[in-house]
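**Student:** Okay, predicted coordinates and the sequence, questions at the end:
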Amino acid sequence: MRTEESERKTAPGFELGPIRPPSEAYSLLIRATRNCPWNKCLFCHCYKGTSFSLRSVEEIVHDIDEAREMRDYIVEASWRLGYEGDERLAAAAILSQPYGDACLHNVALFLYAGGKSAFLQDSNTLIMRTPDLVAVLRHLRDAFPDLERVTSYSRSHTAAHKTVEELKEIREAGLVRIHIGLETGYDPLLQYIQKGTTAAQQIAAGQKIVEAGFSLSEYVMPGMGGQAMAEGHVRETARVLNEINPEFIRLRSLHIKPTMPLWSHLQDGAFQLQSEDNVVREIAGIVERLDVTSYLKSDHILNLLMEIEGKFPEDKSACLAIIDGYLGLPDEERLNFQLGRRMGYYEELSDLEDSTRFDTVSEALQRIRERSDNVEEVIRRLKDRFI
Ligand code: SF4
């Protein structure tokens with residue numbers, strides 16, 4: 001396969017941005033803009049030190065054509081490898097090689113997953129002029145006619161400034177889902193974290209997006225209020241979500257790294273982290289207050305309880321039962337689970353029943369206590385590796 005790769009007639013590939021939502025892990029990535037036009041949120045380090053720029057329609061179209069050329073190359077390779085045009089098998093052969101060309105890897109991953117979804121990077125694609133975004137979407141749909149889902153990020157502030165008619169035009173051109181980092185619906189907290197939006201704007205943006213016919217994912221950040229603003233964070237976040245009723249509510253628990261501006265607030269004591277257990281209690285507080293028909297997902301690796309998931313309202317009690325199950329564990333078992341999750345031994349609470357894994361984590365816990373007794377700091381450093 002390496003020989004095939006070296007024979008590929010291509011130009012230089014296409015641009016890739018740094019991040020995409022967890023649910024877009026297998027999507028074709030097309031960079032529509034570069035970095036973040038706001039770039040001030042205290043809890044975010046993704047684009048710090050970079051500056052925002054729009055890309056021209058011609059540049060983006062060029063990248064889409066490059067991705068299409070790579071897709072054609074993989075299909076052609078499937079014949080030369082004896083896979084009779086099965087692009088999934090050829091894509092698997094590429095993915096089994098040591099990581100090389102990032103663009104080819106992305107196209108292979110996309111094809112391996114069935115070639116049905118694409119994600120427009122970076123952080124706020126709706127900031128593009130509507131005619132430009134429509135042109136890009138139409139070209140993407142023409143180049144990849146099998147796409148079922150094209151999604152992107154937007155800021156509430158930006159979406160609130162589009163008219164419903166503009167949003168409908170973008171929807172009709174082929175953008176299916178918009179991901180928004182709501183984080184919180186509590187105005188004092190939105191101001192503190194420098195989110196650059198208000199609860200009223202989050203509601204207006206969300207309602208317009210839903211009215212225009214999009215699937216909407218709202219990302220909520222349990223723990224974001226720290227100890228001081230937890231109560232308002234929980235109450236107002238649930239209220240704003242109830243007003244919007246998005247298709248998806250996704251949990252992405254706060255974690256603070258030294259690369260984030262919020263780190264200095266943590267160091268000087270201005271911001272005090274919630275414990276892992278209190279973050280779980282915050283999720284329970286939001287879930288209890290939800291009056292929506294959304295799907296709740298806990299699909300970010302930073303969440304302690306990934307199994308909190310379900311369609312509301314029918315699965316609300318099941319979600320709360322999972323939380324109660326965790327909070328009802330003895331202290332030592334909860335700590336064992338927290339550590340084991342971050343070490344990679346557990347995926348869900350039921351994994352605690354595996355005595356081999358439980359004993360392994362207990363031994364690690366014992367060693368940490370003998371060395372420093374700062375289990376919370378060890379867990380914090382383990383989480384640093386996730387983002
Ligand atoms: S708007 Fe999004 S990408 Fe930009 S700084 Fe805030 S969280 Fe980060």
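**Tutor:** Ah, there it is.
**Student:** contacts and neighbour counts: CA atoms only from here.
**Tutor:** OK.
**Student:** which one's the longest helix in this structure?
**Tutor:** Scanning the chain for the helix with the most residues, using DSSP state H, yields helix 57-80.
**Student:** Give the buried residues for that one.
**Tutor:** Of the residues in helix 57-80, those with enough neighbours to count as buried (16 or more other C-alpha atoms under 10 Å) are 57, 60-61, 63-71, 73-78.
**Student:** what does stretch 254-273 give?
**Tutor:** For stretch 254-273, by 16+ other C-alpha under 10 Å, it's 254-257, 260-264, 266, 271-273.
**Student:** touching the ligand at all, it?
**Tutor:** No. Shown here: stretch 254-273 not in contact with the ligand (C-alpha under 6 Å from any ligand atom), separated by at least 10.0 Å.
**Student:** ok, and what's touching that stretch?
**Tutor:** Residues from elsewhere that reach stretch 254-273, judged by C-alpha atoms under 8 Å, 6 or more residues apart in numbering: 42-45, 221-224, 226-228, 302, 380, 383-384.
**Student:** Which one of those is nearest to the ligand?
**Tutor:** Ranked by distance to the ligand (C-alpha to the nearest ligand atom), these are led by residue 44 at 4.6 Å.
**Student:** what's near enough to touch the closest one?
**Tutor:** Contacts of residue 44 (C-alpha under 8 Å, 6+ apart): 260, 261.
**Student:** a strand runs through it, doesn't it?
**Tutor:** No. Read with DSSP: H, G, I helix; E, B strand; the rest coil, residue 44 is coil and lies in no strand.
**Student:** Pull up the gap between it and residue 302, please.
**Tutor:** Here residue 44 is placed at a distance of 14 Å from residue 302 (C-alpha to C-alpha, to the nearest Å).
**Student:** Report the contact partners of the closest residue to the ligand within the stretch 101-250 of the chain.
**Tutor:** Residue nearest to the ligand within the stretch 101-250 of the chain (C-alpha to the nearest ligand atom): residue 123, separated by 5.1 Å. Contacts for residue 123 (C-alpha under 8 Å, 6+ apart) come out as 33, 34, 35, 36, 153, 154, 155.
**Student:** hmm, who's touching stretch 57-70?
**Tutor:** Taking C-alpha under 8 Å, 6+ apart as the rule, stretch 57-70 contacts 10-11, 13-15, 30-32, 103-104, 107, 132-133, 135-136, 139-140, 143-144.
**Student:** where does this protein come near the ligand, residue by residue?
**Tutor:** So the chain meets the ligand at 36, 38, 39, 40, 41, 44, 123, 195 (C-alpha under 6 Å from any ligand atom).
**Student:** Now the third one: which helix or strand?
**Tutor:** Per DSSP states H and E, residue 39 falls between elements, in no helix or strand.
**Student:** burial of it, as a residue count?
**Tutor:** 20 (other C-alpha atoms under 10 Å).
**Student:** What pLDDT is listed against it?
**Tutor:** Turning to residue 39, the model gives it a pLDDT of 97.
**Student:** dump the residue contacts of the closest residue to the ligand within the stretch 1-150 of the chain.
**Tutor:** Nearest residue of the stretch 1-150 of the chain to the ligand, counting by C-alpha to the nearest ligand atom: residue 39, 3.5 Å away. Residue 39 is in contact with 47, 48, counting by C-alpha under 8 Å, 6+ apart.
**Student:** Moving C-terminal from the helix or strand of the chain with the lowest mean pLDDT, which element do we reach first?
**Tutor:** Every helix and strand in the chain was compared by mean pLDDT, DSSP states H and E; the lowest is helix 2-7, with a mean of 35. Next in sequence after helix 2-7, counting helices and strands by DSSP H and E, comes strand 28-31.
**Student:** outside of that next one, which residues touch it?
**Tutor:** Strand 28-31 has contacts (C-alpha under 8 Å, 6+ apart) with 15-17, 60, 63-64, 106-107, 109-110, 115, 117-122.
**Student:** average pLDDT for that strand?
**Tutor:** 98.
**Student:** Name the strands paired with that strand and say parallel or antiparallel.
**Tutor:** strand 117-121 (parallel) (DSSP bridges).
**Student:** And the partner strand, how far out from the chain middle?
**Tutor:** 12 Å (C-alpha atoms, centre = their mean, to the nearest Å).
**Student:** relative to strand 117-121, how tilted is the next helix or strand along the chain from that strand?
**Tutor:** Remark: after strand 117-121, the chain's next helix or strand is helix 130-143, criterion DSSP H and E. Per axes from the mean of the first three to the mean of the last three C-alpha atoms, to 10 degrees, the angle that helix 130-143 makes with strand 117-121 is 150 degrees.
**Student:** Who are the packing partners of helix 130-143?
**Tutor:** helix 57-80, helix 164-173 (3 or more C-alpha pairs under 8 Å, 6 or more residues apart in numbering; DSSP states H and E).
**Student:** Run the chain-centre distance for whatever helix or strand comes next after that helix.
**Tutor:** Counting by DSSP H and E, the next helix or strand C-terminal to helix 130-143 is strand 149-154. Centre-to-centre, strand 149-154 and its host chain are 11 Å apart (C-alpha atoms, centre = their mean).
**Student:** Cool, thanks, signing off.
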